[in-house]
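Participant: the amino acid sequence is not available; the structure is as follows:
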């Protein structure tokens with residue numbers, strides 16, 4: 001890859017990245033701009049996938065909202081992601097938890113890592 005592109009990508013990286021993995025329940029604080037105002041919206045759910053590397057790395061969080069599954073994907077190094085708090089650690093034996101999409105209720109839970 002070109003050296004100029006590498007320098008630009010390194011400048012966009014965040015210094016502190018939270019430690020979380022697939023299966024963890026996280027609370028993502030997301031900055032939202034509405035007109036000239038800014039507010040922070042919290043999205044809490046299970047991490048179903050992490051992918052990519054460098055400044056292109058993304059993660060997807062899934063939650064149930066009024067009986068409907070909602071998934072959101074954020075770049076890890078995005079300036080709109082203020083912080084990611086790990087609420088509980090989950091035990092996952094695979095890298096992508098897409099099977100949770102077909103499950104509802106208690107069956108959609110991931111076992112807690114002790």
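Facilitator: Sure, I can see it. A quick note: this is a predicted structure, and the numbers were derived from the prediction, not measured.
Participant: from here on, just use CA atoms for contacts and neighbour counts.
Facilitator: Fine.
Participant: beta partners of residue 34?
Facilitator: Bridge pairing for residue 34 (DSSP bridges) gives the partners residue 37.
Participant: what number of residues lie near it?
Facilitator: Residue 34 has 8 neighbours, counted by other CA atoms under 10 Å.
Participant: how much space separates it from residue 40?
Facilitator: Here residue 34 is placed at a distance of 11 Å from residue 40 (CA to CA, to the nearest Å).
Participant: same thing with residue 57?
Facilitator: On the measure of CA to CA, residue 57 and residue 40 end up 22 Å apart.
Participant: likewise for residue 46?
Facilitator: In terms of CA to CA, residue 46 sits 19 Å off from residue 40.
Participant: who has more neighbours, those two?
Facilitator: Neighbour count, other CA under 10 Å: between residue 46 and residue 40, residue 46 has more, with 28 against 14.
Participant: pretty sure the more buried one contacts residue 20?
Facilitator: No - at 10.7 Å, residue 46 and residue 20 do not qualify as touching, with contact defined as CA atoms under 8 Å.
Participant: report the residue spans of this structure with pLDDT below the cut-off.
Facilitator: 1 (pLDDT under 70).
Participant: could I get the full set of strands for it?
Facilitator: 25-34, 37-51, 58-65, 68-75, 81-88 (DSSP state E).
Participant: that concludes my questions; thank you for your assistance.
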